[in-house]
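[1] Quick one: sequence and predicted model below, then my questions.
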There are 2 protein chains.
Amino acid sequence: MNSCYTEIPRVKKGEVPLLPEDRAFRLATVAKALSDPIRIQMVYLLEQRSDLCTCEFEELLGLGQSKVSYHLKILLDAGIVTRETHGTWSHYRLQKSGVLDKLNS
Amino acid sequence: MNSCYTEIPRVKKGEVPLLPEDRAFRLATVAKALSDPIRIQMVYLLEQRSDLCTCEFEELLGLGQSKVSYHLKILLDAGIVTRETHGTWSHYRLQKSGVLDKLNS
DNA sequence: TTTCTTTATCAATTTTTTTTGATGAATGAA
DNA sequence: TTCATTCATCAAAAAAAATTGATAAAGAAA
């Protein structure tokens, strides 16, 4: 046996460590939150204004309220933005800066 | 009119620039490619070994061939990895390093 | 040649995500 | 109070992504 189709000795299971499951899941969650052009634009807007409410996203992006709330919630759940409520308004901010640069090149 | 529910003057359409559409789409594509724990692990493996073939991913991740090929193709299409074929083998490498650090924070 | 290995891709199904319009809660204005 | 505004969330439908098993191409081994 040991019929060798490979030029190079093949890597065996366990020889290269994996990330802990929850770590891989966390990274994937952040990436997933940024995986839509609408949410990329939302982050980009917040990089410029630091504080925007739901209705401002509606106006700046030309999208309906329901859609805007949906996408903001995904950014919120991923910990990319924070939400603060004043009266009837919800104000969103970036949790940490430079999120987009990271994806860039 | 001008009934003002806001404390602060509201941002008007066009006052804050958006990213060019294709730019936003490109960033979203990269993020989407990294939005699955399996693909996060694949990138992590390549950060350690620099060169792995499909069947090595199968072994290291404990996944079937079809699934592995599917996920590798998504990384390939997003430009995150490259593929080089030698004989019947496909060898994958990272196109650029430090992809995961970027998501980290 | 025949057989075995590696691999990509296909089609069908399941699962997840996104969109859309509607509802209702909470607050400000009149 | 009554009406208007902001907003999150719900449910249904549509769209996109992931899983699974099967097929076939191409190269290596016997």
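    Cool, got the structure.

[2] neighbouring contacts of the helix or strand of chain A with the lowest mean pLDDT?
    Every helix and strand in chain A was compared by mean pLDDT, DSSP states H and E; the lowest is helix A:99-103, with a mean of 87. Applying CB atoms under 8 Å, 6 or more residues apart in numbering or on different chains, the contact partners of helix A:99-103 are A:34, A:40, A:43-44, A:47, A:80, B:27, B:30-31, B:102-103, B:105. Glycine gets a C-beta too; all of them are placed from N, C-alpha and C.

[3] So which of those sit within strands?
    The members of these all map outside strands under DSSP state E.

[4] which parts of the host helix or strand of A:I74 are buried?
    Following DSSP states H and E, one finds A:I74 within helix A:65-77. For helix A:65-77, the neighbour count (16 or more other CB atoms under 10 Å in any protein chain shown) marks A:68, A:71-72, A:74-76 as buried.

[5] what about the residue of chain A found nearest DNA strand D, which SS state?
    For chain A and DNA strand D, the shortest gap (CB to the nearest atom of the strand) falls at A:C55, measuring 2.9 Å. Secondary structure, DSSP: H, G, I helix; E, B strand; the rest coil: A:C55 is helix.

[6] Sounds good, over and out.
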